[in-house]
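Trainee: okay, here's the prediction I keep looking at, along with the sequence it came from:
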Amino acid sequence: MRPAAVYLVGAGPGDPELITLKAIRRLREADVVMYDRLASEELLEYAKPGAERVYCGKSPGRHSMPQREIEKRMIEYALAGRTVVRLKGGDPFVFGRGGEEALALAELGIPYEIVPGVTSAIGAAASARIPLTHRGLSASFALVTGNRCHGDTAPVRWDLLAQGVDTLVVYMGVSRLGEIRSELLRHGKSPATPVALIERGTTAEQRVITGTLDHIHKLAEAMKLGNPALIVIGDVVLVREQLLLLEAEARLQIG
Ligand code: SAH
């Protein structure tokens, strides 16, 4: 039997409306949907009746299905002729281990396709009203992981990021916020740099807190910042303040 296809599909950042048409089409075709914690459960409604749903978990520090097991199951389904959608939060190729899954499939000659999604940095920044680039404030941004594993061969170059990139968006940084702050300050980032913490971006439960790099860790503690959350560091955070102010003024004038 020829193996069925595996689709590595981005579910978008949380708001279920931010999925793509192609992702919905692939969901409708799938015999098995293997989904992550960060993929909105509402999206499973697009799967055809009778499609098998496999929860792959993954909350920080508590992987309910190890990565190798996910890959093994995905491969088994495909070899048995069942079309698989591997539904991942945000974009599958941005801190989503989609590359590893694609490699595992390619190695066995299993057909696969990557369906991109709106990554959480893009989604959350938009709904928090923070432009990642802005004339005069930011000509570049970087998406950075805050939790490089021990012994990783590609450590995050905070020294270069502190100096060479205007806007930083840190994924998976909540538990290491203090260290990230110290690294950036040590490498010359100003303590007055504006920072936003965005929890559950794009969802109805979104929370945004702004402050400066100097006291960002205290802010996070005070707001009991939970997962998933992103840290946006850079002057562009000020645009949010400006927009909110203008909106408030407009409301006052109308009222
Ligand atoms: N592939 C995903 C990222 C997975 S890594 C993507 O493209 O978005 C998981 C991290 O993503 C979380 O620790 C958090 O930093 C971030 N994240 C995912 N969804 C989020 C959301 N709705 N709001 C804020 N951060 C989010």
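Mentor: Perfect, I can see it now. This one's a predicted model, so the numbers in the text were calculated from it and none came from an experiment.

Trainee: so where do the strands sit in the stretch 101-250 of the chain?
Mentor: Using DSSP state E, counting those that start in this stretch, the strands of the stretch 101-250 of the chain run over 112-115, 141-145, 167-171, 194-199, 207-212, 229-233.

Trainee: winner for burial among those?
Mentor: strand 229-233 (a mean of 26; mean count of other CB atoms under 10 Å). Where you see a C-beta, it was placed from the backbone N, CA and C, and this is true even at glycine.

Trainee: average pLDDT for it?
Mentor: Averaging pLDDT along strand 229-233 gives 98.

Trainee: strand partners of it, parallel vs antiparallel please.
Mentor: strand 167-171 (antiparallel), strand 194-199 (antiparallel) (DSSP bridges).

Trainee: between it and strand 141-145, how big is the angle?
Mentor: Here strand 229-233 runs at an angle of 140 degrees relative to strand 141-145 (axes from the mean of the first three to the mean of the last three CA atoms, to 10 degrees).

Trainee: and L44, how far from I24?
Mentor: 12 Å (CB to CB, to the nearest Å).

Trainee: compare neighbour counts for the two and give me the winner.
Mentor: Using other CB atoms under 10 Å as the criterion, L44 and I24 rank with L44 on top: 18 against 15.

Trainee: so that one belongs to a helix, correct?
Mentor: Yes - applying DSSP: H, G, I helix; E, B strand; the rest coil, one finds L44 inside a helix.

Trainee: quick one: contacts for it?
Mentor: The contact partners of L44, by CB atoms under 8 Å, 6 or more residues apart in numbering, come to 27, 33, 35, 53.

Trainee: next, count neighbours for the first one.
Mentor: This means L27. 24.

Trainee: in this structure it contacts L87, no?
Mentor: Yes - counting by CB atoms under 8 Å, L27 does reach L87; the two are 7.3 Å apart.

Trainee: tell me the pLDDT of P60.
Mentor: Value for P60, per-residue pLDDT: 62.

Trainee: one more: G178?
Mentor: Looking at G178, its pLDDT reads 96.

Trainee: you'd agree it is up against H217?
Mentor: Yes - counting by CB under 8 Å, G178 touches H217, with 4.6 Å between them.

Trainee: so which of those two has more stuff around it?
Mentor: Per other CB under 10 Å, whichever of G178 and H217 has more neighbours is H217, with 18 against 13.

Trainee: wait, L132 sits on V165?
Mentor: No - contact between L132 and V165 fails when scored by CB under 8 Å: they sit 10.8 Å apart.

Trainee: quick revisit: out of the strands paired with strand 229-233, flag the one nearest the ligand.
Mentor: Closest to the ligand of the strands paired with strand 229-233 is strand 167-171 (CB to the nearest ligand atom; 3.9 Å).

Trainee: distance from the closest one to the middle of the chain?
Mentor: 11 Å (CA atoms, centre = their mean, to the nearest Å).

Trainee: same question, stretch 239-254
Mentor: Its chain's C-alpha centre and that of stretch 239-254 lie 28 Å apart, by CA atoms, centre = their mean.

Trainee: do the same with stretch 73-93
Mentor: Per CA atoms, centre = their mean, the displacement of stretch 73-93 from the mean C-alpha position of its chain is 19 Å.

Trainee: mind listing what's buried along it?
Mentor: Using 16 or more other CB atoms under 10 Å as the test for burial, stretch 73-93 gives 73-75, 77-78, 82-93.

Trainee: filter the residues you listed down to the ones near the ligand?
Mentor: Checking the buried residues of stretch 73-93 against the ligand by CB under 6 Å from any ligand atom, the ones in range are 88-91.

Trainee: pass me the low-pLDDT residue ranges in the stretch 101-250 of the chain, would you?
Mentor: 149-153 (pLDDT under 70).

Trainee: neighbours around S140, how many?
Mentor: Neighbourhood size, S140 [other CB under 10 Å]: 12.
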